[in-house]
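Asker: Just the structure for this:
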Amino acid sequence: MKRARLPMLAVLPITVISFVVAVPFVIGDHPLQWASGSLVPHLVLDGKEHTQPDGSKIGGNGTSATPSRTAEVARVDKEWKKGMPQWGVQLYWEDNPKHSVEYVEQQARVQANYLVGLHANSVSLSFPFFTGDITSTKITAGDKTPTPDHLARVLRIFHEAGLRTTLRPLMDEGTLDIDNFEWRGTIKPADRGAWFASYEKFLTPYLKAADQEKAATFVIATELNSLEGDAHWDSLVSDAEKLFGGEIAYDANWDNYVAGPITMPVTHLGIDAYFPVKVGDDASVNTLVKGWNDWLDKKATGPLPKITVAEAGIAAMNGAYHAPGDFYTKRAVNPKVQATWYTAVCQVVQERRMSGVYWWSIYFDDNPNKAPDDKKQSRLDFAGRPQSEKAIKACFTSDYAGPGTATTS
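Answerer: Down below sits the predicted model:
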């Protein structure tokens, strides 16, 4: 059955568009090149020591383990049920064709166990796909795009842990001219019909894999500002619903969310929410909560039970409140900035009766049990930062029961 379009919502006049255009790192909310130097546990599988493609041992923490391919994973205390908040994490995965199936499955167990330790009940698996220049009509999988089989195996392991799962393709921006403000939200396919046909062809095996592994949500697209509302989405989503029995969602970028109506033929809307709050590094939780509410109120006041914060993140560094989506700058590390932001965002989610939040992010190949190497990894990484982990656990173990029966969108 065809989904009704999301309702159009009136918004108050805003004056932030010049800010969005002037600051490239907050319009494209993901780096062009992901952090290198990933760390994962040293593995011994089936009596064989596993190594990275360069011949070095997997990991770097001096520990070893002897799991088998059938090793159990920890399980959540309370599985997600409809109406409960989605307490989740965005897990970003750039695959490596040289990684064995054993490596992929074991790394999935490492991540699942970490998420259960955070008291998460949900996980969103984001992965890259590729295009040409800004006018390209062709969508492709690259070497870093996980195969449908690998994704299915990882989803299966997350289900073993009792986690609610989302599959989320994300356009890589490596071939776009970011210096001239090009990003996934400004693409201008020369032939939209050809673009949508190519995109649907790419999505089809992933929709089948998500359905096979009973994923709860498939995000049909993320942050494609310039294509929102295009009539081609109707047939693409209709075809997707024939392949996938769960929820079809769309994740909007924060600037477009507050600037006007998001008209997409989906059942659920997420926000990649990097709302800037221009306050000092010592700002209180209440000050940050007010800053977020000022942004959200530009769209609608009161409860937002149909909205999920699909991405919330911020760098653990000085000055980050001014540009939470800055994936590039590296100023002095300040873990308190990140932890305070997490606490404030969680409070907003609860007070506005939103359907949940997913923290950005963990990289699939990283060891989440080790402190991040700030010389190599993104300041937005939170795994291994004790203050941030404490804030996340407090959020995920709060007494918030979920959005309930409120109807405001």
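Asker: From here on, just use CA atoms for contacts and neighbour counts.
Answerer: Will do.
Asker: ok, residue 143 touching residue 95?
Answerer: Yes - counting by Cα atoms under 8 Å, residue 143 touches residue 95, with 7.1 Å between them.
Asker: Looking at the two, which is more packed in?
Answerer: Shown here are residue 143 and residue 95; by other Cα atoms under 10 Å, residue 95 has more neighbours (20 against 14).
Asker: which residues touch the more buried one?
Answerer: For residue 95, the contact set (Cα atoms under 8 Å, 6 or more residues apart in numbering) comprises 143, 144, 145, 146.
Asker: about what we covered before: so what sits against both of residue 143 and residue 95?
Answerer: Shared contacts of residue 143 and residue 95 (Cα under 8 Å, 6+ apart): none.
Asker: could I get stretch 137-150 in PDB with only the CA atoms?
Answerer: As requested, the backbone C-alpha atoms of stretch 137-150 are provided in PDB (Å, rounded to 0.1, in the frame of the first residue of the first chain):
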ATOM      1  CA  THR A 137      23.000   9.900 -13.200                       C
ATOM      2  CA  LYS A 138      24.800   6.800 -12.100                       C
ATOM      3  CA  ILE A 139      24.900   5.200  -8.700                       C
ATOM      4  CA  THR A 140      27.400   2.400  -7.900                       C
ATOM      5  CA  ALA A 141      28.700   0.200  -5.200                       C
ATOM      6  CA  GLY A 142      32.400   0.600  -4.600                       C
ATOM      7  CA  ASP A 143      35.100  -1.500  -2.900                       C
ATOM      8  CA  LYS A 144      34.100   0.100   0.400                       C
ATOM      9  CA  THR A 145      30.400  -0.700   0.000                       C
ATOM     10  CA  PRO A 146      29.600  -3.900   2.000                       C
ATOM     11  CA  THR A 147      28.000  -6.600   0.000                       C
ATOM     12  CA  PRO A 148      24.400  -7.600   0.700                       C
ATOM     13  CA  ASP A 149      25.600 -10.900   2.100                       C
ATOM     14  CA  HIS A 150      28.100  -9.200   4.500                       C
END
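Asker: Go ahead and name everything in contact with it.
Answerer: Outside stretch 137-150, the residues within contact range by Cα under 8 Å, 6+ apart are 93-97, 101, 104, 127-132, 189-192, 194-196, 198-199, 202, 205-206, 209.
Asker: picking that back up, export the contacts of residue 95 to CSV and tack on distance to residue 228?
Answerer: As requested, the contacts of residue 95 are arranged in CSV below (distance: Cα to Cα, whole Å):
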residue, distance to residue 228
143, 28
144, 26
145, 24
146, 26
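Asker: Which among these count as buried?
Answerer: Buried subset of these (neighbour count, 16 or more other Cα atoms under 10 Å): 145, 146.
Asker: Now, the contacts of residue 95 that are in strands?
Answerer: Secondary structure defined by DSSP state E assigns none of these to strands.
Asker: Need the contacts of residue 95 in TSV (columns: pLDDT and distance to residue 82).
Answerer: What follows is the contacts of residue 95, written out as TSV (pLDDT from 0 to 100; distance: Cα to Cα, whole Å):
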residue	pLDDT	distance to residue 82
143	95	36
144	97	33
145	98	31
146	98	29
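Asker: how does the protein divide into domains?
Answerer: When the chain is parsed with automatic domain parsing, its domains come out as 37-68, 86-396.
Asker: Mean neighbour count, the ones you listed: which tops it?
Answerer: Comparing these by mean neighbour count (mean count of other Cα atoms under 10 Å), domain 86-396 ranks first with a mean of 20.
Asker: That'll do, ta.
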